[in-house]
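>>> Generate a structure from the sequence data that follows.
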Amino acid sequence: MLERVENYQQQFSVKVAQIEAPGLYKYYSTQRPVDIGTFPKPAGNAPDEIVNYDKRVSVEGGAFLAWGHVL
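Numbering: from 1, shown residues only. Below is the predicted model of the structure:
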């Protein structure tokens, strides 16, 4: 699998861009605004930030629409 990723990156001249701190992930809520019980919450990993948008907005370079995000 890693070889396929490397080949893809070379073929299309793309690379992984780390935007968040290592180990920190942004979860986008695509079906509803963020609320209790609407996002993954592993034990010992409470969210640092919960943000709801006023309307669905285009995120990740237009990849999809989201109602908000959790960091």
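
>>> Now do the helices in this structure.
Listed in chain order, the helices found in the chain under DSSP state H are 2-12.

>>> low-confidence ranges in it?
The model of the chain has pLDDT under 70 over residues 16-20, 23.

>>> In it, where's the longest strand?
Scanning the chain for the longest strand, with DSSP state E as the assignment, gives strand 50-59.

>>> If we go by neighbour counts, what in stretch 32-46 is buried?
Taking 16 or more other Cβ atoms under 10 Å as the neighbour-count basis, stretch 32-46 is seen to contain the buried residues Val34, Thr38. Glycine gets a C-beta too; all of them are placed from N, C-alpha and C.

>>> do the same with stretch 55-62
So for stretch 55-62, counting by 16+ other Cβ under 10 Å, buried means Val59.

>>> so how far is it from its chain's centroid?
The offset between the C-alpha centroid of stretch 55-62 and the centroid of the whole chain comes to 11 Å, using Cα atoms, centre = their mean, to the nearest Å.

>>> Which residues does that stretch contact?
Tyr28, Phe64, Leu65, Ala66, Trp67, His69 (Cβ atoms under 8 Å, 6 or more residues apart in numbering).
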